[in-house]
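> Give me coordinates for this.
(chains A, B and C)
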Amino acid sequence: MSSASEIAPASPPRDGTSGPRDTVTGPSPGRRPGSRRARRAVGTAGHHAFLLVAVAVMVLPVLWALATSFKTAGGVFDENPLPLPPTLDNYRVATQDFPVWRLLLNTTVMSAGVTLLQLLIAVPAAYALVRFPPRAHRAVTAIVAITLLVPPQSLVIPLFLMISHLGWRNTLPGLILPQLFGTGLAVILLRDHVRAVSPTILGAAALDGARPFEVLRLVLLPILRPALGAVSILLFITAWNEYLWPVLAAPDIDHATIQPGLAFFLTQEGPEYGPLLAGSMLATLPIVVVYFLASRRVTDAFMHSGLR
Amino acid sequence: MEERGTRHAPPVGRARDRARPWLYLSPLLVALLVFVYGPLVFTGVLSFMSWNLTAPHPSWLGLANYQRLVEAPQFPHAARNTLLYAAGMLPFATVVPMALAIALWKRPGRTSAVYRALLFLPVVLAPVASAITWQFLLDPLSGLVNVVGSWFGFGPRNWLGDPSSALWSIVLITSLKVVALNVLLFGAALANLERGVIEAARLDGATEGEITRHLVLPHLRRTIVLLGLLSLVVVWPWIFANVAVLTQGGPDGSTDNVYYRLFTYAFTFFDAGTASAAAVVITAALAVVLGLGLLGARRTNGEPVPFTRRLVKVGAARRRQGKRSSVLG
Amino acid sequence: MHRKSLAHRLRRSVTAAGALVAATALAAVAACGGSSRSDTAAATASATDKPVTISFLSYNYGTPDIGGQGTQALLDAFKKEHPNITVKPQGVAAADVLTKLQTDTAAGDPPDVAQIGWSKMAAAYQLLPIVPVQDIPTKSDWDTSMAGFNQHLLSAVAVGGKVKAVPYTISIPVIYYNADLFKKAGLDPNKPPTTVDEVKADALAIKSKADAEGAYFAVVDSGKSDYLTQSVIASNGGKEIGSDGMPSFDQPAAVSALSAMQDLTTSGAQPAITATSAVAAFAAGKLGMLVGSTAALASIKKASTGKFELRTTGFPSFGSKPAAPTYSGAGLAVLSKDKDKQQAAWEFIKFLTSAEGFTIITSKIGYLPLRPELATDPKYLQPFFASNKLLSPALAQLDNVSPYRSFAGKNASQAVVALQDDAVEPIVLRGADPAKTLSTVASQVRSVLGQK
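This next block holds a predicted model:
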């Protein structure tokens, strides 16, 4: 995509001053005419080359997994990455011999629940830490930051004991609530974004008579949309990828989630690679949906010129 | 002109205003107290005991678990590896995704949206599936990586089975996920940047490199530091998934790290006491590292430079080079 | 608005935190207090008629493969015979069995019957409140039920003369070989190797003439199990673990056994790759011989169909010494403290290990039938073995199995991991000095075992 400067080189300078035109449209001293266009072309080529290489590397494993999900049991071990002959048998196993939809539903509900709860808790906290920090705010920040450092594997056992004594095993609250241990991450990320928002805008709203909560809801949240989009994707995926906690907290097949579920394909009688990859392909669908929903907020902001 | 980055006002003295921050912070503090600090205390106590949670009589060991941790060769070795992992992941958490995000941001449009979506793909694949995929791709006998390498004359390498290459292989395959997610996060940070002034600078003949260096990068400075530090925190579960499926800490402990050690003590040896000691040590060490990192960041530059001042800087730089401009002059 | 929810949250958090503290204290106290177990073999006859529900943890249950289908078949058949006993099965990934059992026990709610891997059994005995199965029925009930069971195996698994966990899905290592590659290398597939030296010779032939890798002994197990290490050492007349539970793998017989494995690699007969990679290579038709457990038979057969002719033969011996592989797989353990549930658990285990049970296990899942007469009984497994020759070599070696031993004490699993990671893998795959390495690791293991 070429930038606006190529289309309208003769437009007057932005700030309204009328300087001599030749400094805007004419060639700068020491530069050959037309070289800027050449440089632009090279820049575009380089831009696309750079991105294409990156995309190729990132996409390779997913493509391989997709192709292999259509391979026969013997074909999985072939050197040729393409499934020849292709088969739908793996998908049949993944959908009929395996409760993949129930697991995906459980996982989606769990991840959405964790994400929403974390945002509900983190947004006001980040707002308060930036807009009206209490005198002890450094201590609060330290308390939050330290929770990021605790290895989750060590929390799993005490949290498990906690929920089993509350009778919350195989229940949604038991599955979701302890995952709030990761809320610190959302707070730190959002705090940074709130800080980047101009205090003038928020101050102006307050001067207009809005109470802090209204400022948060009506002024800050819309501005934070791209940040909320990106952070919510991160939180959703973190919850989606959880393995150890759901194994302990929701072992029953009715409440189990997809990551422990996929591990079932690594059976004692040999890993079932084809069905595992087929199940994983199906498991990408909810994430892709979430990505498109949430990233729209991020990319929309790119289309506009940022803050007004 | 707007000024950015000045401090937000401190609270006024009324009681209601003094209570307000705590109202907004209390759900967070309660959640962290119950779901992190409570279990942390449990873990701390357990680290001084010998108990596998099921035996009838836990016994008090004092510092024996910590001693065992430090004396056995595996934990210090794992600690060293952890530093290597962190150093290896850092460029993929900062420089690489930032470059990609900036490239995408500079040319908004459908192509960039497509690139952006494709760059996100590594993250959508389940950790187990991703690990199995790389197991096949890196297979020494028939993996795609070695097959393609042989086209270019490279001999077959045992990526995950050779102690000298195993850790870096894990770093590289995990980096894809880190890059994918951080492209998103850098993108969100870039959303705050005024596109209009960039356009004006371009109009004026500033090169892309100048624009990037003087207008975009300073805006991202804090994000770089933040994501760099955060990656040191967030990346471990992904590394763990790959290590657990692909190398189980080997070969010769070359892919072991303190988190995998912790997991091994807890769920392979069922030695909850030593595992708890490892958790305490990890948390304390990270706290020290983070503390030093934050102190360093505050020392260099905590405030983002106001946009107008940056424009003036670019103008000054260009004037030195003999270029004249009305916008930036 | 905020205040009310704050107070509510505070109360809840205090409750939760208090519950956590109380739970910890309770768990410790309750377990402390009940140290004397009043077990008895006197079963009440009416116990089997009352409706009872027992929970069964199995890593085969619910898996989308033959393991899952076979287990379901067993459950259905049991339900038909014992309608008053309801079995609630729970699935779990194979790697998470002990974790789940530990946490369930800590929460006070372990399953009544559990399928536990043999390499994890010693840890399970340490960790879990396992009720020896032999203690549950009357002596006559036990003797009758176990009459047709492979007595050699039964005595091998007994601890102090008592069977704590009953062998259930058992497998033995065999040599899988690719008949097509044999022919291509000029070898006769009807005369597979019987000794380690013959394996090496055939492997080198395959390597040079059939453009494929030769052989692979899966000693470096991906799950860090030492069952093949023990098999190899025992076949050379040595012992990995002495009768006192202390390491004896630094003794000459063990050292030379592992040196032989190293020699396979250094001579080029064996590629220096992981076991997972070797299975993949074999399934792709690029490896001539694979020495591994029969548990993988079904999946290897599926992968080889249409690609090459798969055959099996018995575990090789060292020269003239008898081959003495040990077994892997799983056994059934009882964790219930309730008398009625224990009886129901016994009925369940009795069924699973009966003639009918093993018929389903062997024909549907592919594990070995642990009752020798079944293989030749037309009512049970004779038709199966008539058309499925691949399992026969393992069956023939069942009477010569050496017992699977475990290190003594609560750090046994750590010792096994140390042996596999620090000794076996470097020796077999990377040319470490066998005698020196084994001796170093042996003293390492001795100190680990001695730790509290």
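> Can you tell me which residues in the stretch 51-200 of chain C are near chain A?
C:59-60, C:62-68, C:90-96, C:99-100, C:103, C:106-109, C:117, C:169 (Cβ under 8 Å from any Cβ of the partner chain). Backbone N, C-alpha and C define where each C-beta goes, glycine included.
> Just the buried residues out of those residues, in ChimeraX syntax.
What follows is the ChimeraX syntax selecting those of these that are buried according to 16 or more other Cβ atoms under 10 Å in any protein chain shown:
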select /C:59,60,62,63,64,65,66,67,68,90,91,92,93,94,95,96,99,100,103,106,107,117,169
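> just checking: which of the residues of the stretch 51-200 of chain C next to chain A also lie near chain B?
Subset of those in contact with chain B: C:T99, C:T103, C:A106, counting by Cβ under 8 Å from any Cβ.
> could those residues be laid out in JSON lines, adding pLDDT and secondary structure?
Below are those laid out as JSON lines (pLDDT from 0 to 100; DSSP: H, G, I helix; E, B strand; the rest coil):
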{"residue": "C:T99", "pLDDT": "93", "secondary structure": "helix"}
{"residue": "C:T103", "pLDDT": "91", "secondary structure": "helix"}
{"residue": "C:A106", "pLDDT": "90", "secondary structure": "helix"}
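> Closest to C:S320 out of those residues?
C:T99 (44.3 Å; Cβ to Cβ).
> picking up where we left off before, out of the residues of the stretch 51-200 of chain C next to chain A, which sit inside helices?
C:I66, C:G67, C:G68, C:T99, C:K100, C:T103, C:A106 (DSSP state H).
> For the first one, list the residues it contacts.
So that's C:I66. C:I66 sits next to A:E269, C:A298, C:K364, C:I365, C:G366 when contact means Cβ atoms under 8 Å, 6 or more residues apart in numbering or on different chains.
> again, 10 Å this time
C:I66 is in contact with A:T267, A:E269, A:G270, C:N60, C:A73, C:A298, C:S299, C:K302, C:S363, C:K364, C:I365, C:G366, counting by Cβ atoms under 10 Å, 6 or more residues apart in numbering or on different chains.
> Apart from its chain neighbours, what residue comes closest to the fourth one?
Which is C:N60. C:G67 (3.7 Å; Cβ to Cβ, 6 or more residues apart in numbering or on different chains).
> Quick one, grab the pLDDT at the one you found.
If you check C:G67, the pLDDT there is 93.
> Kindly provide the distance from it to C:D180.
28 Å (Cβ to Cβ, to the nearest Å).
> Tell me where the stretch 151-300 of chain B has strands.
For the stretch 151-300 of chain B, strands defined by DSSP state E, counting those that start in this stretch do not occur.
> Quick check: mean pLDDT of stretch B:169-187?
Rounded mean pLDDT across stretch B:169-187 is 93.
> Same check on stretch C:303-311?
pLDDT averaged over stretch C:303-311 gives 94.
> how about it against chain B, any contact?
No. Figure legend: stretch C:303-311 not in contact with chain B (Cβ under 10 Å from any Cβ of the partner chain); closest approach 13.4 Å.
> Ends of that stretch, what's the gap?
Its start and end residues considered, stretch C:303-311 measures 13 Å (Cα to Cα, to the nearest Å).
> Which positions within that stretch qualify as buried?
C:A303, C:S304, C:K307, C:F308, C:L310, C:R311.
> now stretch C:390-407
Neighbour-count burial for stretch C:390-407 flags C:390-391, C:393-395, C:397-398, C:400-407 (criterion: 16+ other Cβ under 10 Å).
> Going by distance to B:L69, which of those wins?
Distances from B:L69 to these, taken by Cβ to Cβ, are shortest for C:F407, at 21.0 Å.
> Could you check the pLDDT of the closest one?
So C:F407 comes in at 94 (pLDDT).
> that older thread, for PyMOL, what selects the buried ones among the contacts of C:I66?
Burial among these is assessed by 16+ other Cβ under 10 Å; the matching PyMOL selection reads:
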select buried, (chain A and resi 267+269+270) or (chain C and resi 60+73+298+299+302+363+364+365+366)
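> could the contacts of C:I66 go into a markdown table alongside distance to B:F75?
Compiled in a markdown table, the contacts of C:I66 are given as follows (distance: Cβ to Cβ, whole Å):
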| residue | distance to B:F75 |
| --- | --- |
| A:T267 | 33 |
| A:E269 | 35 |
| A:G270 | 34 |
| C:N60 | 36 |
| C:A73 | 47 |
| C:A298 | 40 |
| C:S299 | 37 |
| C:K302 | 42 |
| C:S363 | 48 |
| C:K364 | 45 |
| C:I365 | 40 |
| C:G366 | 41 |
